[in-house]
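Participant: Generate a structure from the sequence data that follows.
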Amino acid sequence: MTCLTYILFSKSINHYYVGYTCSDLQERLRKHNTNHKGFTGRANDWQIVYTESFESKTEAYGREREIKSKKSRDYIEWLISTT
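Facilitator: Down below sits the predicted model:
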């Protein structure tokens, strides 16, 4: 099973979102772009700007937590620029 850590960007609210999934990323993106109560429900123009692949859910989740722990837009933008 391949899992992904991903970063989304919404131009309308000028925010990044970091997450992970072990299912279809395009379907996950579709869900983020629907009207719901979570953080990503505030916008419907999320785009995938970065992904990393992992062999396990544990690794993908760990990487998501690592990126979020930086609490740094600069770090996220640096990661995106390296692809």
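Participant: how about the strands in the chain?
Facilitator: With strands called from DSSP state E, the chain shows them at 3-10, 15-21, 46-54.
Participant: Comparing those, which comes out most buried?
Facilitator: Mean neighbour count (mean count of other C-beta atoms under 10 Å) peaks for strand 3-10 among the strands of the chain, with a mean of 20. To be clear about C-beta, it is placed using only N, CA and C from the backbone, and glycine gets the same treatment.
Participant: With mean pLDDT and distance to Ala60 added, can I get the strands of the chain in JSON lines?
Facilitator: Shown next, in JSON lines, are the strands of the chain (pLDDT from 0 to 100; distance: least, C-beta to C-beta, whole Å):
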{"stretch": "strand 3-10", "mean pLDDT": "98", "distance to Ala60": "4"}
{"stretch": "strand 15-21", "mean pLDDT": "97", "distance to Ala60": "4"}
{"stretch": "strand 46-54", "mean pLDDT": "98", "distance to Ala60": "4"}
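Participant: what mean pLDDT does the lengthiest helix in the chain have?
Facilitator: When the chain is parsed with DSSP state H, its longest helix is helix 57-69. Across helix 57-69, pLDDT averages out at 98.
Participant: Give me the nearest residue to Tyr61, chain neighbours excluded.
Facilitator: Distances taken as C-beta to C-beta, 6 or more residues apart in numbering place Tyr20 nearest to Tyr61, at 5.4 Å, with adjacent residues excluded.
Participant: got it, and Met1?
Facilitator: Nearest residue to Met1, sequence neighbours excluded (C-beta to C-beta, 6+ apart): Cys22, at 5.8 Å.
Participant: same thing with Leu4?
Facilitator: Leaving aside its chain neighbours, Leu4 sits nearest to Thr51 (5.1 Å; criterion: C-beta to C-beta, 6+ apart).
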